[in-house]
Structure formats: structure tokens, C-alpha cells
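**Q** Just the structure for this:
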Amino acid sequence: MIKRRPFHHSIYFKSKKRPITSTCAVPLDPQPTSNDHTSLFQSRVHDLLRRGLLSSAQQAIQRFIASSPTVPDAVFAIEFAAASGVDLGLGISCEILRKLVDLGEPLSAHDFYHDHLIARGIEPDSNIVNSMVICLAKLGKLDDAVKLFDRLIGSEDCVLSNAACTMILEGFYEQDKFLEAFDYFVRISDANVKLGMWIYNVLINGLCHQGYVGEAIQVFDIRCKNTGLPPTLHMFKTLFFGLCKKGWLVEAELVFEEMEVQGFFVDKVMYTSLMNAHGKNKKMKMEMRVYFRMLKKGCDPDICTYNTLIHGFLKMGLFDKAWVLWNLMSDLGIQPNEVTYNLMICYYCKQGKLDCATMLLNSMVPCNLAPCVRCYTPIIAALYKQNRCLEVDEMCERMLESGIIPDHVLFFVLMKNEPKGLELQLCLLMLQAIAKNGCGLDHSSLSNFDKINSSAGLEQEIELILREITRIDLNLCNVAGSIYVSALCEGGKTEAALACFKNVASAGCIPLLFTFNSLIKRLFQDGRFEDVKSLFEIMQNEGIVPNLQTYLIMVNEYCKQEDLASAFGILDQMKEMGRYL
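**A** So this is what the prediction gives:
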């Protein structure tokens, strides 16, 4: 067994002294050296001890430690005190702890705390606890730091240091635990501890990002009260976008108005975000009110603004008004983009007007717009709905020959409309197209589709292409992996799907929500409910929010099992998250 060396040996290193030389002709003035300072310190302490002034000697040692520029200097003071028979006491112990932490030796501070205080039964005061909170947080032991901090903040003679409070909050921030950080932030604020402005900014940003906008508003109010300073533009915007995302539109408009009172200019992105939020609730009158307010304030709408309005009207089935906006854009010299065309194509497809949708698709290229996969997918889905399968093949061939990269949504449409059992064949075709159009790989050199006649052979070829895609482009790897997982899940190959999921994640990708949904459905069908919970934990850790499809999968599967209590529980969760059918 290796014995641990005494404390002072682990942090005290003697350095060799080199003679100071100079090429300067002018004599150098003698400078006081550290040896002179140390000698004066030793003489002073010996003199105080001779006169019986123990308390003054301890204070002198404490001051020497506080002014020590290095760890060895501070350790020398401890060794000198011990050799002189001076008890360290709480004051000296607190100072050495603080110095070790400040000089980047938290591990040594931790050892000193346990070996020289806890082991001797010394009850630490608030100053020592503050130092240890900082020490533990720097060592990454946040849970231990929080326990000490709880004991400190719960005591009647609570004295919190700014540094300790900051380290606790920063520790929560680093772990994305913003709700826990908020709880401690409130307790710290109640203790009247002044915090840096960045503490407020990061907390508001984190809370808004995770959907805790009510708590973010409280931090916003506390910040204004404690600092007396007006909110910054960044803070206003963070809170505003968080409120829009959550659907708290009354509060979002109040932030809007307060910004204008403070003299800030509300830009087109903010106006468009508010319009989009109203559009999601199908409140087109409110959306148009924001639009006219935007015009009145002299803020010019852009293509994103008009796309938002068009989407809102189409969602309400008001095609005529959407077409008026399309024409208005032309009058204003604003060119429709891929999103505008996609919105109109989707609407035509839902109405069964495939000729109109195809005409719009064909008009994109003359307008110098390259159709994307999202423009083709609704047309292909509509062709399937009308049993025009030959035209599906033609449309897919046209799309892939034009160099478009297929995605998981297109694959899902194809898989649901083709005969069952062809999932892996479709997956191979999609991955070959991704490899060719996205990575510049000749798929014919990677696989020999005509000679594959077994499921195992298909999986082997797919995994070969997936590895090549992963080597070149991680984003495309994520899409390709999602397609493969979906195909495996549809074919009942759960273990292979989970293995692919892990491989994609280990490559450095955050799996798509579509991937999670495919696995959740498959695991439900297999009765593996604990694995579903584990997947949800992974989603939460990655910051992936379930969508409507996720909840519908779960409700449907619970209903199939006649577990109505769980199904209604999911509906309640949907309501809490603002997801409505």
C-alpha cells in the first residue's frame, strides 16, 4: 500500500535560488526580498509570544497567510506556527483554507479541512463553511457543497459569502439544473447577498430555454429590485422569446410594451415571433393586429413575416387571404422563398389539388429556387392517397436525380404506403441516395443490391453505408441512422434498433425526436415500459421536448392495453406542456 505523504509535502516544493545578474551599468537599488519579509514576520511573532500576546501572534500569522503570494509561503506560516507552539485556531484555519482555494489547491484545502478540523472535532464557523463550499464546488462535488451550503443558509447566524453563493449557482448552471438553481437563487436573494449581473442573465436564459418562464419572470423582477438597474435588451429579448414559446402571450405583449417604454426598438424578429405564437392558437385577428402595429412603428416586414401570416391563414383554411398576401409580397418586391412555396404546396395537397401543387413545384426553378425534399414529400403523400403509385415512382426518381437528399419524413411516408416487409429495402435505397447526393459517394461501389436476398444481408449493406456516411457528415449520419432505426422498429427488430441508436449517439450525434418516437412505439409494443422510461430520461438529459406525435403514440398504446388511467395521465401531461389535439 502506498502511504500518503504528510500535508505539507504534497503542496510545498522548494525552488532553487539563482543569482540575479544584470547587464545594466547603473547600480540597482536594493529591493526587499521575500526572505527579509519572512525574517521580519518570524521576529515579530517570536517577540509577541515572548510578551505573552498569543492572540496578537495568531493575528500576525493570519495576516502573513492572507498576504502570501504562493502556496509554499502559506504552508511555511503553518509550519512555523506549529514549531512555535501556536494553535492554528479558527481564524488561521479559515485563512489557510481560503488561500489554498484561491491559489488553485482545492484538493489540499479539502484534506486540510478533514485532517486538521473535522478530525480534531473543531466546529467550523461560517467563514470556513463558505470556503469549503467553494472548495467542494471546484472539485466537482456539487452535492456535498450543497449539503454544506444548506447547513449554512439554515443557521440563525447565517453569513453567506458572495463567492460561495456564486459557486453554488454556477455548479447548477454547468449541469443545466436551472430549476434547482432558481430555488437557491431565491434563498440567496432573501439573504440580501449581492450577485453579479451574469448570474441573473444566465439564470433567465436557462429557465426560458427549459420552459420555466414563470420562474424567469421572478428572477427578472428580483434583478430589477436588487440592482435598481433597467433590464438590458438581451434580457428583454430572452424573456420575450421564452414567453412566446410557452404561449404566455399576454405577458409577452407586456414585455413588448415595457421595451418600448424603456426606449428599445422592437425588431421584425420579435414581431414575427409574436405573430407566429398567435397563429399557433388560430387567433388571426390578434396576429393581424401585431402586423399592423409593426407597420405603424415603421418596422418593415420581411419574407419570414409574410410566411408566418400565410401559414396562419392556411391553417385556418383561409386560402383566399393567404393568396392576397402572396400577391402583396410580389407588389412589395419580396420574392417568395422555399418555405412560402412549401406552405402553398402542402395546402394544395391537403385539398387534393395535386395539379396546382405540381404547377407550383415546377415554377420554382424558373424563379431560381431549388425545391427541397419538404416540397416533394407532401406531393408524394397525396399521390399515394389517390392511388397514383406509378407517379410516385416518377416523382421520387425525378427528386433523387436532381440531387436532393431524402430525409426521415419522406422515408416514413414511403414506408407507410409500401407493402409491409419492404422496410429494409426502402431504407437501403434512402441511404444510398443520402450517400450519393449528400456525401458524393458512389453507392454502387458500397453495395450490391441485386445480389442481396436476405434480411441479414440488407442490414450488413445498410450498416456499411451508414459507417461511410458517419465518417463524412455527422448531420447526415443522424438522418440516416434515424431512417435505419425506424425501419428496424417497423420490422420488429428491437435490439438491432437500440444498437443503431447507441452507435449514432456514440458517434457524437444527438438522435432526432423521430428516432425516439420510433423506439418508444416499438418498446411499448414489446411491453418494455421501463425501457420507455429510460428513453424519456435520455430525452430530458439531451433537452429534447416530446412533440404531439410522442404523446399520441403513448396514448394509443396505453389504450390498446386498456390502461385508461395511464392514457389520461399522458393527456394531462400534454395539457401541462401546452400540447393540444
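
**Q** could you pull out the helices for the stretch 351-500 of the chain?
**A** Remark: helices assigned in the stretch 351-500 of the chain by DSSP state H, counting those that start in this stretch are 354-362, 373-385, 389-401, 408-417, 423-439, 443-446, 455-472, 474-490, 494-506.

**Q** same deal with the stretch 51-200 of the chain?
**A** Ranges of helices within the stretch 51-200 of the chain are 54-67, 71-83, 89-102, 106-113, 126-138, 142-153, 162-174, 178-190, 197-209, based on DSSP H, counting those that start in this stretch.

**Q** Domains of the protein: list them as residue ranges, please.
**A** The chain resolves into domains spanning 36-124, 405-528 when parsed by automatic domain parsing.

**Q** Which of the ones you listed has the lowest mean pLDDT?
**A** Between the domains of the chain, the lowest average pLDDT goes to domain 36-124, which shows a mean of 68.

**Q** Residue ranges in the stretch 201-350 of the chain under the pLDDT threshold?
**A** Residues of the stretch 201-350 of the chain meeting the criterion pLDDT under 70: none.

**Q** swap the cut-off to 90 and go again
**A** 210-211, 227-228, 246-247, 256, 260, 280-282, 330 (pLDDT under 90).

**Q** Spell out, range by range, the helices that occur in it.
**A** With helices called from DSSP H, counting those that start in this stretch, the stretch 201-350 of the chain shows them at 213-227, 233-246, 249-261, 268-280, 284-296, 303-315, 319-332, 338-350.

**Q** Can you say which of the helices of the stretch 51-200 of the chain is packed in most?
**A** Compared across the helices of the stretch 51-200 of the chain, helix 126-138 shows the largest average neighbour count, a mean of 24 (mean count of other Cβ atoms under 10 Å). C-betas here are computed from N, CA, C, even on glycine.

**Q** Show me what it is packed against.
**A** helix 89-102, helix 106-113, helix 142-153, helix 162-174 (3 or more Cβ pairs under 8 Å, 6 or more residues apart in numbering; DSSP states H and E).

**Q** residues touching Leu233, list them.
**A** Counting by Cβ atoms under 8 Å, 6 or more residues apart in numbering, Leu233 touches Met259, Phe264.

**Q** Could you do Thr227 as well?
**A** Met197, Tyr200.

**Q** Now with 7 Å, please.
**A** Shown in contact with Thr227 (Cβ atoms under 7 Å, 6 or more residues apart in numbering): no residues.

**Q** just the one 4 residues further on next, same as before
**A** With contact taken as Cβ under 7 Å, 6+ apart, Pro231 is in contact with Phe220, Cys224.

**Q** okay if I get the helices of the stretch 201-350 of the chain as CSV plus distance to Asn362?
**A** Output for the helices of the stretch 201-350 of the chain, formatted as CSV (distance: least, Cβ to Cβ, whole Å):
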stretch, distance to Asn362
helix 213-227, 44
helix 233-246, 36
helix 249-261, 39
helix 268-280, 29
helix 284-296, 30
helix 303-315, 20
helix 319-332, 17
helix 338-350, 11
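
**Q** Leu428 and Ile462 touch, don't they?
**A** Yes: judged on Cβ atoms under 7 Å, Leu428 makes contact with Ile462 at a distance of 5.4 Å.

**Q** What lies in contact with the host helix or strand of Glu557?
**A** Taking DSSP states H and E as the criterion, Glu557 maps to helix 548-560. Counting contacts by Cβ under 7 Å, 6+ apart, the residues outside helix 548-560 that touch it are Asn517, Ile520, Lys521, Phe524, Gln525, Ser566, Ala567, Ile570, Leu571, Met574, Arg579.

**Q** Swap in 8 Å and give it another go.
**A** 513, 516-517, 520-521, 524-525, 564, 566-567, 570-571, 573-574, 579, 581.

**Q** May I ask which two of these are separated the most?
**A** Leu513 and Leu564 (26.2 Å; Cβ to Cβ).

**Q** more neighbours, these two?
**A** Neighbour totals were compared for Leu513 and Leu564, and Leu513 leads with 18 against 11 (other Cβ atoms under 10 Å).

**Q** and the end-to-end length of stretch 260-269?
**A** The first and final residues of stretch 260-269 sit 15 Å from each other (Cα to Cα, to the nearest Å).

**Q** Show me which residues of that stretch are buried.
**A** Judged by neighbour count (16 or more other Cβ atoms under 10 Å), stretch 260-269 contains these buried residues: Phe264, Val266.

**Q** got it, and stretch 492-501?
**A** By neighbour count with 16+ other Cβ under 10 Å, stretch 492-501 contains the buried residues Lys493, Thr494, Ala496, Ala497, Leu498, Cys500, Phe501.

**Q** Report how many residues lie close to Ser330.
**A** Number of residues near Ser330 (other Cβ under 10 Å) recorded here: 10.

**Q** For it, which residues are in contact?
**A** When contacts are taken as Cβ under 8 Å, 6+ apart, Ser330 is in contact with no other residue.

**Q** Roughly how far does it sit from Asp125?
**A** As defined by Cβ to Cβ, to the nearest Å, Ser330 lies at a distance of 75 Å from Asp125.

**Q** Check His209 too.
**A** The span separating His209 from Asp125 equals 39 Å under the rule Cβ to Cβ.

**Q** can you check Ala216 too?
**A** 36 Å.

**Q** For the two, indicate the residue with more neighbours.
**A** When Ala216 and Asp125 are compared on other Cβ under 10 Å, the one with more neighbours turns out to be Ala216, at 26 against 15.

**Q** Tell me who's in contact with the more buried one.
**A** For Ala216, the residues meeting the contact criterion (Cβ under 8 Å, 6+ apart) are Leu203, Ile204, Leu207, Cys208, Thr238, Leu239, Gly242.
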